[in-house]
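Enquirer: Quick one, fold the following:
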Amino acid sequence: MIGNGGYRSVPELRNSRNDADDISEQLKRLGFAVIDGRDLDRSAMQAALSRFAQRLRGSERAWCTIRDTGCRSTVRTSWFLSI
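Expert: Got it, this is the predicted structure:
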């Protein structure tokens, strides 16, 4: 569960860390092993994704969701992508 809110080129996203904390907590309550990270730079993000890929081996199920408040169209539609 990665919650990035501190980007260099856009204003701070105030809710991303809190949202990530809330979702992470709920997933852990459901028995998921959660890989957490907050305000990760590129190398830390790659490391987290590598840890996720390693944990997939031998797993029966996995959940990867990418949600980016900054991923919007010109009509201010945001997307929720589950992979």
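
Enquirer: Quick check: which element contains residue 32?
Expert: If you go by DSSP states H and E, residue 32 is not part of any helix or strand.

Enquirer: and the nearest residue to it once chain neighbours are set aside, how many neighbours does it have?
Expert: Closest residue in space to residue 32, ignoring its immediate chain neighbours: residue 63 at 6.9 Å, by C-beta to C-beta, 6 or more residues apart in numbering. (C-beta placed from N, C-alpha, C; glycine too.) By the measure other C-beta atoms under 10 Å, the count of residues near residue 63 is 11.

Enquirer: Equivalent analysis for residue 43, please.
Expert: 8.

Enquirer: any idea how far it is from residue 32?
Expert: Noted for residue 43: a distance of 25 Å to residue 32, by C-beta to C-beta, to the nearest Å.

Enquirer: Surely residue 7 and residue 40 touch.
Expert: No. Using C-beta atoms under 8 Å, residue 7 is not in contact with residue 40; the gap is 11.2 Å.

Enquirer: The two - which one has more neighbours?
Expert: Taking other C-beta under 10 Å, residue 7 and residue 40 do not tie; residue 40 has more neighbours (17 against 12).

Enquirer: Show me where the protein has its helices.
Expert: In the chain, helices defined by DSSP state H lie at 16-29, 42-56, listed in chain order.

Enquirer: so which of those helices gets nearest residue 36?
Expert: helix 16-29 (5.5 Å; C-beta to C-beta).
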